[in-house]
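In: Compute the structure for the input listed below.
(chains A and B)
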Amino acid sequence: MSMKILSIEDQEDNRRIIRDLFTSAGYEVIEAVTGEEGVHLASSCRPDVILMDIQLPGLDGYEATRRIKAIPGLHGVPIIVVTSYALGGDEEKARAAGGDAYIVKPYNPHQLLQTVRQHLH
Amino acid sequence: MSETTALSETQVQRLLKRLDRERRARAESEAIAEKALGDLYRRQKDVKLLQTIAVAANQTSMVESAMQFAIDAVCSHTAWPVGHVYFLSEDGTGELKTGKLWHLEDPERFQTFRDMTEATRFKAGVGLPGQVLSSGKPLWITDMSKDRNLPRAKAAEDVGVRTAFAFPVLIGQDVVAVLEFFSADPSQPDEALLEVMAHVGTQLGRVIERKRGEEALLQNAARLERALAENVSLYEDIKAQKNQLEIANKHKSQFLANMSHELRTPLNAILGYTQLILGNIYGDVPEKISEVLRRVGVSGHHLLSLINDVLDLSKIEAGQLQLVTKEYSISDVVHGVLATMDPLAQEKHLTLTANIPMDLPPGRGDAGRINQVLLNLVGNAIKFTDHGEVCVEVCHNQDCFLVRVSDTGPGIDPVEQHRIFDEFQQGETFSMRRKGGSGLGLTIAKQIVMHHGGPLWVESTVGQGSTFSFSLPRLFNQSG
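Out: Got it, this is the predicted structure:
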């Protein structure tokens, strides 16, 4: 059975890159465009790993991460925060919200794939 | 007996004459004594007058009240019915004009004389006050009707005054006011009185002088107060400008941070798709297309490094450069940089070597930032060196790492050596256009090293190459 990855990302190109990358690597990719939708899909689809953008319309990535981590049974699902924020303190904020890893855009797709694999044991 | 006691008629006459002489002599002596006593008494009164006016003058700095007191006192002393004060006009004409201060025993009787006086201004030398103004000395006119230089002679005659005297109020040699007095009874000059009046004039001069001193003091105080207020408002202006600058600077930093974010988003798509295509995710890619795509990737990464430089500099300027300190291995950092840079060195047929001791202790600091510094120095060395080698050396003592990056490039002349650490500067000898780069790299590298508490410097000889060195405290202390 293939691994399920939830990609929460509002920007279409970035969504497609993740989709193409992980689909070709044999993952099942589920997509959300907003933070609310992401929290909802995390709860209903129970993914194995989540890629979380920070700058999202409405609920931002930090808050969405906090909410997902608070859902019973989802605490152990790794959330990899992907952001183009590169100001000092962003990584700390992401980790404080419950993010398990932090990757800055633009990322090397192979690195992203590797990071995801590391968090799936 | 009768012969001896009886006096002859001749003898009697002689005695009577003698008696009469003696009586007259005694009367003369008495008259002289009486006159002397009278003079003494008047002198005493004069001195008393002077004292009274002097005391009053010393107790006030109100010029008008001192003058009024003086004319009242002089009139009461002399029993003259009219006293009046002129002041030197302050309009620069040098004329005397009425101070509208009068002592009038019978105001109604002297009304016309008063009106005429107040309507007249006296130039130096003209009339009673004008003559006092020009001479600076008291003046006595026994009969005004016989003096041709008196514009008010007719008016004086109409109200029945005959004799006049006036004296100046002096500050030093300068006449600043004139006091004049009139009498209906013709009388001869009283020299003693005039002498006393001269003293009165001096006393009154002191009142005016004191008043002027006070005014000058007040003006100075007011000027100081204004200057102070101006300084305060200047200070407020500067403070406001400084605040505005700080706000503008914050806006700039925020703008750069936002811009950096906005630029990274599309760059992520460009670099991401490039990598996916090169990774054959969309099918096999012919070598010709791969080669071009690799160049797209290199340019994209170059653009990214420029964006990162601008962002870093804005953080440094805003004082927001935060070091993420962790334990690190300096040896790993150097080897990582060498691995990254080796392809570039090989492309230029340069030898990239390292001289790193085996027993380096672990360090504490922001390894990512130290990596950035070393990437910049090695990148520059490769960029500017066309032949020879680039070498990275590390040595250490108990407290510090010393990292040196030397090259066999063209070298940097001494003037340029100072400028290359300034923003947007590259050595004139190798233009920015030719070599690319934001011109911010060295500025940022130096700031990063300084944030760790160490120096970064260059030694170079033109034609022989350059060595960039920096030292880092082995264990960075956040609070230090």
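
In: Contacts made by the helix or strand bottoming out on mean pLDDT in chain A with the rest, please.
Out: Across the helices and strands of chain A, mean confidence by mean pLDDT, DSSP states H and E is lowest for helix A:90-96: a mean of 83. Contact with helix A:90-96 is made by A:54, A:61, A:62, A:65, A:81, A:83, A:102, B:324, as judged by Cβ atoms under 8 Å, 6 or more residues apart in numbering or on different chains. For glycine as for every other residue, the C-beta is placed from the backbone atoms N, C-alpha and C.

In: got a winner among the residues you listed for most neighbours?
Out: In terms of neighbours by other Cβ atoms under 10 Å in any protein chain shown, the contacts of helix A:90-96 top out with residue A:65 at 28 neighbours.

In: For that one, give me phi and psi.
Out: phi -60, psi -50 (degrees, to the nearest 10).

In: And residue B:460, by the same measure?
Out: As for residue B:460, its main-chain torsions (degrees, to the nearest 10) stand at phi -160, psi 150.

In: Poorly predicted segments of the chain, please.
Out: Here I'm looking at chain A. Residues of chain A meeting the criterion pLDDT under 70: A:85-89, A:121.

In: not quite, I wanted chain B
Out: B:1-5, B:423-438, B:478-480.

In: That one against chain A: which residues are in contact?
Out: B:257, B:260-261, B:264-273, B:275-276, B:279, B:281-282, B:300, B:304, B:308, B:311, B:315, B:320-322, B:324 (Cβ under 8 Å from any Cβ of the partner chain).

In: which ones among these are found in helices?
Out: Among those, DSSP state H puts B:257, B:260-261, B:264-273, B:275-276, B:300, B:304, B:308, B:311, B:315 in helices.

In: Buried ones among these?
Out: The neighbour-count test (16 or more other Cβ atoms under 10 Å in any protein chain shown) marks B:257, B:260-261, B:264-265, B:267-273, B:275-276, B:300, B:304, B:308, B:311, B:315 as buried among these.

In: Can you tell me which of the contacts of helix A:90-96 end up in strands?
Out: Among the contacts of helix A:90-96, DSSP state E puts A:81, A:83, A:102 in strands.

In: Tell me which residues touch residue 107, please.
Out: Using chain A. A:82, B:268, B:272.

In: think we crossed wires, I meant chain B
Out: Here residue B:107 is in contact with residue B:114 (Cβ under 8 Å, 6+ apart).

In: Pull up the gap between it and chain A, please.
Out: Counting by Cβ to the nearest Cβ, to the nearest Å, the gap from residue B:107 to chain A is 91 Å.

In: cool, residue B:221 as well?
Out: To chain A, residue B:221 is 54 Å away according to Cβ to the nearest Cβ.

In: that's a helix at that residue, yeah?
Out: Yes: counting by DSSP: H, G, I helix; E, B strand; the rest coil, residue B:221 falls inside a helix.

In: and which of the ones in strands among the contacts of helix A:90-96 is nearest to chain B?
Out: residue A:83 (8.7 Å; Cβ to the nearest Cβ).

In: Please list all residues in contact with the nearest residue to the closest one once chain neighbours are set aside.
Out: In this structure, residue A:83 finds its nearest non-sequential neighbour in residue A:54, 4.0 Å apart by Cβ to Cβ, 6 or more residues apart in numbering or on different chains. Contacts for residue A:54 (Cβ under 8 Å, 6+ apart) come out as A:60, A:61, A:62, A:81, A:82, A:83, A:85, A:90, A:94.

In: Quick check on residue A:54: phi, psi?
Out: According to degrees, to the nearest 10, residue A:54 has phi -90, psi -50.

In: Show me what the residue nearest the centre of chain A bridges to in the sheet.
Out: Centroid-nearest residue in chain A, with Cα atoms, centre = their mean: residue A:51, separated by 1.4 Å. On the basis of DSSP bridges, residue A:51 is bridged to residue A:7, residue A:80.

In: Give the full set of residues in contact with it.
Out: Contacts of residue A:51 (Cβ under 8 Å, 6+ apart): A:5, A:6, A:7, A:8, A:9, A:18, A:80, A:82, A:112, A:116.

In: Would you agree the third one is in contact with residue A:27?
Out: No: counting by Cβ atoms under 8 Å, residue A:7 does not reach residue A:27; the two are 9.8 Å apart.

In: of those two, who's got more company?
Out: Shown here are residue A:7 and residue A:27; by other Cβ under 10 Å, residue A:7 has more neighbours (27 against 22).

In: how close does the more buried one get to residue A:14?
Out: Here residue A:7 is placed at a distance of 9 Å from residue A:14 (Cβ to Cβ, to the nearest Å).

In: Helix, strand or coil: sort out the closest residue to chain A within the stretch 51-200 of chain B for me.
Out: Going by Cβ to the nearest Cβ, chain A is nearest to residue B:61 of the stretch 51-200 of chain B, at 69.7 Å. With three-state DSSP as the basis, residue B:61 sits in coil.

In: quick one, phi psi at it?
Out: Backbone phi and psi, for residue B:61 under degrees, to the nearest 10, turn out to be phi -110, psi 10.

In: hang on, the earlier thing: can you add distance to residue B:32 and give the contacts of helix A:90-96 back as a markdown table?
Out: Putting the contacts of helix A:90-96 into a markdown table (distance: Cβ to Cβ, whole Å) gives the following:
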| residue | distance to residue B:32 |
| --- | --- |
| A:54 | 124 |
| A:61 | 126 |
| A:62 | 122 |
| A:65 | 128 |
| A:81 | 128 |
| A:83 | 125 |
| A:102 | 126 |
| B:324 | 119 |
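
In: Residue A:102 touches residue A:81, doesn't it?
Out: Yes: contact criterion Cβ under 8 Å: residue A:102 and residue A:81 qualify, at 5.0 Å.

In: now the helices for the stretch 101-250 of chain B?
Out: B:107-118, B:127-135, B:153-159, B:191-278 (DSSP state H, counting those that start in this stretch).

In: sorry, that was for chain A
Out: Under DSSP H, chain A gives helices at A:12-24, A:35-45, A:61-70, A:90-96, A:109-119.

In: from those, which stretch is densest packed?
Out: Stretch with highest mean neighbour count among the helices of chain A: helix A:61-70 (a mean of 21; mean count of other Cβ atoms under 10 Å in any protein chain shown).

In: Could you name the helices and strands sitting against that one?
Out: On a contact count with 3 or more Cβ pairs under 8 Å, 6 or more residues apart in numbering or on different chains; DSSP states H and E, helix A:61-70 meets helix A:35-45, strand A:49-53, strand A:79-83, helix A:90-96.

In: Pull the second one out as CSV, backbone CA atoms only.
Out: In this case it means strand A:49-53. The C-alpha coordinates for strand A:49-53 follow below in CSV (Å, rounded to 0.1, in the frame of the first residue of the first chain):
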residue,chain,number,x,y,z
VAL,A,49,3.0,12.8,6.4
ILE,A,50,2.0,16.4,5.8
LEU,A,51,3.8,19.1,3.9
MET,A,52,2.7,22.5,5.3
ASP,A,53,3.1,25.9,3.6
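
In: Okay, angle between that strand and helix A:109-119 too, please.
Out: 130 degrees (axes from the mean of the first three to the mean of the last three Cα atoms, to 10 degrees).

In: For strand A:49-53, what is the distance to the chain centroid?
Out: 1 Å (Cα atoms, centre = their mean, to the nearest Å).

In: gap between residue B:402 and residue B:469?
Out: Relative to residue B:469, residue B:402 is positioned 7 Å away (Cβ to Cβ).

In: More neighbours: those two, which one.
Out: residue B:469 (18 against 14).

In: Secondary structure element for that one, which one?
Out: strand B:465-473 (DSSP states H and E).

In: Neighbouring strands - and their directions - for that strand?
Out: Counting by DSSP bridges, strand B:465-473 is paired with strand B:400-407 (antiparallel), strand B:456-461 (antiparallel).

In: And the contacts of residue A:54, which is closest to chain B?
Out: residue A:85 (6.3 Å).
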